[in-house]
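*Asks:* the sequence and its predicted three-dimensional model are supplied below.
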Amino acid sequence: METLANLESFVRSAELGGFSAAARRLGLTPAAVSRNVAALEGNLGARLFQRSTRSLTLTEPGERFLISIRDSLESLQAAIAEASADQEEPAGTLKVSMSPTFGIGYILPLLPEFSRRYPRVRPEWMFENRQIDLIAESYDVAIGGGFELTAGVISRALAPAHIIAVASPSYMAGKVPPHNPSALLELDGIVMRSLRTGRIRQWQMRDASGTEEPARLKETVVVNDPAAMRMAALVGMGVTMIAKPDALPYLESGELIRVLPHWYADAGPISIYYANRTLLPLKTRVFVDFVVETFQREKWPERFAGSLG
């Protein structure tokens, strides 16, 4: 009878393309994963991988074996996880990545409630404006938008990420409000230059009828962070385009107003990303459920929609 560890080491190595990536996913050393796969090959009497210093590829018998066992392995893991879930208490370090502006504004305030529910889970939350490699960097969860889904990572949409044009009431006082995105060029603009590409981000705006127009802002103020764009707008430097969640508290207080209130740009969804749906550590599963529950309770999907005013 083959051990579950040997089978899982084989499947994850095949999915992720190497022993090192599989080891990070399984919480083992690459040597341990390699030994497990070698033991499996010895027991089967077949070579499952072609190994080289740069790559790990399935042999023909390896491909057939992967197809034969992958679904059964997932089902077995799900059954084990379900059987043990009621007997466990969530515990351990929960490593999460999220953007500073959204994470500090919306997710960090949830920490007291989450910690009361799950006191043995220790948060290690990273606030960073970059796309992480969830598995390679050993994160449990990421929250954000636009992540590429690599092997073994899934996403669950939480709310829309709509971009809206905002300015302070003092800046707009006495000015003629623009009636379409092209008229934004007549106002001072606060824009962001990407550190990765060196380019100014441009947006395509749409209205409720589906009409689309490019929105270009005058490069009056150039910064490299969404929070800096918002602050520059708050102090009256011009119009900026930021995610509605980032602007929402200031729209509700009246410190910012929407420019072109019937127009928005769609940046895709805000999502929560995590590994392997069927065998999540309990600490990860309860955090994902907690975040989804909070988004629904606070009606953030509706409140973050730029199409709803």
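*Replies:* Nice, I can see it.
*Asks:* tell me which element L111 is part of?
*Replies:* For L111, the host element (DSSP states H and E) is helix 111-117.
*Asks:* next, the buried residues of that helix.
*Replies:* Within helix 111-117, the residues that count as buried by 16 or more other C-beta atoms under 10 Å are F114. To be clear about C-beta, it is placed using only N, CA and C from the backbone, and glycine gets the same treatment.
*Asks:* now stretch 114-130
*Replies:* Going by neighbour count (16+ other C-beta under 10 Å), the buried part of stretch 114-130 is 114, 118, 121, 125, 129.
*Asks:* where does pLDDT dip in this protein?
*Replies:* Along the chain, segments meeting pLDDT under 70 span 1-2, 74-75, 77-87, 147-151, 277-279, 309.
*Asks:* do a quick rundown of the strands in it.
*Replies:* Under the criterion DSSP state E, the chain contains strands at 49-51, 56-58, 92-98, 121-127, 141-144, 153-167, 189-192, 203-207, 212-215, 221-223, 239-243, 257-259, 263-275.
*Asks:* just these: most buried one?
*Replies:* Among those, strand 239-243 has the highest mean neighbour count (mean count of other C-beta atoms under 10 Å), at a mean of 26.
*Asks:* helices or strands up against it?
*Replies:* When contacts are defined as 3 or more C-beta pairs under 8 Å, 6 or more residues apart in numbering; DSSP states H and E, strand 239-243 sits against strand 153-167, strand 189-192, helix 226-234.
*Asks:* and of these, who's closest to P177?
*Replies:* The closest of those to P177 is strand 153-167. By C-beta to C-beta, the value is 9.7 Å.
*Asks:* what lines up beside the closest one in the sheet?
*Replies:* The pairing partners recorded for strand 153-167 under DSSP bridges are strand 239-243 (antiparallel), strand 257-259 (antiparallel), strand 263-275 (antiparallel).
*Asks:* quick one: closest of the strands of the chain to Y250.
*Replies:* Distance to Y250, taken as C-beta to C-beta, is lowest for strand 153-167 among the strands of the chain, at 7.6 Å.
*Asks:* just want the angle from that closest one to strand 203-207.
*Replies:* Between strand 153-167 and strand 203-207, the angle comes out at 80 degrees (axes from the mean of the first three to the mean of the last three C-alpha atoms, to 10 degrees).
*Asks:* i'd like the first residue to be 23 from this point on
*Replies:* All set: I'll call the first residue 23, so the last point we hit is now strand 175-189.
*Asks:* please export the C-alpha coordinates of strand 175-189 as CSV.
*Replies:* Provided in CSV are the C-alpha atoms of strand 175-189 (Å, rounded to 0.1, in the frame of the first residue of the first chain):
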residue,chain,number,x,y,z
VAL,A,175,-3.8,28.7,-6.6
ILE,A,176,-7.4,29.6,-6.7
SER,A,177,-9.3,32.9,-6.2
ARG,A,178,-12.7,33.9,-4.9
ALA,A,179,-14.1,37.2,-5.9
LEU,A,180,-15.2,39.5,-3.1
ALA,A,181,-16.2,42.8,-4.6
PRO,A,182,-15.7,44.9,-7.7
ALA,A,183,-12.6,47.1,-8.0
HIS,A,184,-14.0,50.1,-9.7
ILE,A,185,-11.9,53.2,-10.3
ILE,A,186,-13.5,56.6,-10.0
ALA,A,187,-12.5,60.3,-10.5
VAL,A,188,-12.4,62.3,-7.2
ALA,A,189,-11.4,65.8,-6.0
